[in-house]
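Chemist: Compute the structure for the input listed below.
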Amino acid sequence: MSNLETTPAEIDCAGSLSVGIEILEPREVPLGGPRAMRVRRTLPQRQRSLIGAWCFADHYGPEDVRGGAGMNVPPHPHTGLQTVSWLFDGEIEHRDSSGVHAMVRPGELNLMTAGAGICHSEVSTSATAVLHGVQLWVALPDGARDTDRRFDHYAPQPFSLDGAAVTVFLGELAGHRSPVTTFTPLLGAQVELPTGCSVETPIDPGFEHGVLVDRGAMEIAGRPVAVGEMAYQGTGHSTLTLTNTGDEPLRAVLLGGEPFTEELLMWWNFVGRTHDEIVAYRDEWQSGAARFGEVLGYRGEPQRLPAPPLPSTRLKPRQPPLRKESP
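Modeler: Below you'll find the predicted structure:
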C-alpha cells in the first residue's frame, strides 16, 4: 500500500528499548482522492516510530465499498522495506514489477520484498463488498536493503492457545512457526479471543511488542485498549496477557521484534538512510528509471503514481524517542 499523503514528513526511525505499556492512538489518513476510503495509522508517529523492524501500520475497514472507490492504488515505488498484507474481509489484486500477479485474501499472508527497488499496484476486486484489513511495512537492515525483489505467499493455520485462536503469519509463537523469510527477528500473528476470556502468551523477552485491536475491547496489564489503538510493551517480559473486556469476540494483530537499532529515514514510500538517498530514489521514480521496473496489467489512471514534491529544506532525522529504564 502506498503512503498517499501529499506532504509526507521525514521520520527518523531510531529504535527504542523502552518497556512498560504505551497506548498508541491512530490518526486518520485518506487513501487517495475525496471519495476514497480512510485508514487508521498507528505507525509511524512522533511517540514511537518502530516496534522491532515494524515501521508502518495502517488499519482499515470494515468498509462497504460497493458504492465507493474502494482501494485503487496505482503503481507506486518502494525501497528498503517489505510490505505485509493481511485481510479480514474482501479481496485485493496485487501486481508488481517482478512479474507477480496475486490475490490477497483473508487469512493469507502476502509479503513483498522491495529490496533495492520495486513498484506495485493494489486494487480491491469487484467481488469485494466489505474491505477490512491491515497493511504493514517492515524496515530492512542495512545489510539486506539492496536485496533482490521477491514475493511470498503463505496460508497459515490457526491453533488454540488457552481458548484463543492464534494464527502466526511471521516468526514463531508458542511453538508454531511461519516458513516465510524475514531479515530481522520478527513476530506477526492474529489473535482471536472469546468474550470474557484471557490468554497468557509466551513471548521472547528480547522482543518489543505491539497489539493492534481490530474488533472488540481489550485490556493489557490493566490498560484498556480500544478498536484502532495499539498497545506497546517493551522488552524484558516473557509473557503477554490479553483480556477480552467487551461483549463481543476480540480480534487483534500482534507484532513483535528485536529492537531495531539502525537509524532510518522514511519519506513517502521510501526507506533510506540520508537526504541524498531519498532525493535520488524520488528522481529515479519520476524519470522511470530501471531501479523500480514496471507493473504490467494495471488498468486504472494514472498509470504511475507521481511522487509528491520534496520539502524546501533538507530532510533531517527527528530525535529518537526517549528511552525508559526497566522497572
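Chemist: avg pLDDT for stretch 158-178?
Modeler: What stretch 158-178 shows for mean pLDDT is 97.
Chemist: swap that for stretch 28-44, please
Modeler: Averaged across stretch 28-44, pLDDT comes to 79.
Chemist: Could you tell me the end-to-end distance of it?
Modeler: 13 Å (CA to CA, to the nearest Å).
Chemist: Ok, stretch 84-99 next?
Modeler: End-to-end for stretch 84-99, by CA to CA: 18 Å.
Chemist: Then stretch 262-276?
Modeler: Note: stretch 262-276 ends 18 Å apart using CA to CA.
Chemist: how about the helices in the stretch 201-327 of the chain?
Modeler: Using DSSP state H, counting those that start in this stretch, the helices assigned to the stretch 201-327 of the chain run over residues 275-287.
Chemist: For the residue nearest to the spatial centre of the chain, list the residues it contacts.
Modeler: Note on the chain: the residue nearest the mean C-alpha position is Leu136, at 1.1 Å, using CA atoms, centre = their mean. Contact analysis of Leu136 by CB atoms under 8 Å, 6 or more residues apart in numbering lists 54, 56-58, 83-86, 188, 255. Bear in mind the C-beta positions are built from the backbone N, C-alpha and C, glycine included.
Chemist: Could I get the residues you listed in TSV, plus columns for secondary structure?
Modeler: Putting the contacts of Leu136 into TSV (DSSP: H, G, I helix; E, B strand; the rest coil) gives the following:
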residue	secondary structure
Trp54	strand
Phe56	strand
Ala57	strand
Asp58	strand
Thr83	strand
Val84	strand
Ser85	strand
Trp86	strand
Gly188	strand
Leu255	strand
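Chemist: So which of those is the closest to Arg150?
Modeler: Arg150 lies nearest to Thr83 out of the contacts of Leu136, by CB to CB, at 11.5 Å.
Chemist: so what's the nearest residue to Asp204 once chain neighbours are set aside up against?
Modeler: Residue nearest to Asp204 in three dimensions, not counting chain neighbours: Gly256, with 7.1 Å by CB to CB, 6 or more residues apart in numbering. Gly256 makes contacts with 51-52, 171, 186-188, 203-204, 207-210, as judged by CB under 8 Å, 6+ apart.
Chemist: quick one: which of the residues you listed sit in strands?
Modeler: 186-188, 208-210 (DSSP state E).
Chemist: Can you add neighbour count and give the residues you listed back as a markdown table?
Modeler: Converted to a markdown table, the ones in strands among the contacts of Gly256 look like this (neighbours: other CB atoms under 10 Å):
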| residue | neighbour count |
| --- | --- |
| Leu186 | 24 |
| Leu187 | 25 |
| Gly188 | 28 |
| Glu208 | 28 |
| His209 | 24 |
| Gly210 | 25 |
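Chemist: which one is Leu170 nearest to, not counting chain neighbours?
Modeler: That would be Gly188: by CB to CB, 6+ apart, it lies 3.6 Å from Leu170.
Chemist: so the one you found makes contact with Val253?
Modeler: Yes. Gly188 lies in contact with Val253 (CB atoms under 8 Å); the separation is 7.4 Å.
Chemist: Need the residues touching each of these two.
Modeler: Trp86.
Chemist: Can you pull the phi/psi pair for the closest residue to Trp86 other than its chain neighbours?
Modeler: Of all residues not flanking Trp86 in the chain, Val134 sits nearest, at 5.2 Å (CB to CB, 6+ apart). Per-residue torsions, Val134: phi -130, psi 150 (degrees, to the nearest 10).
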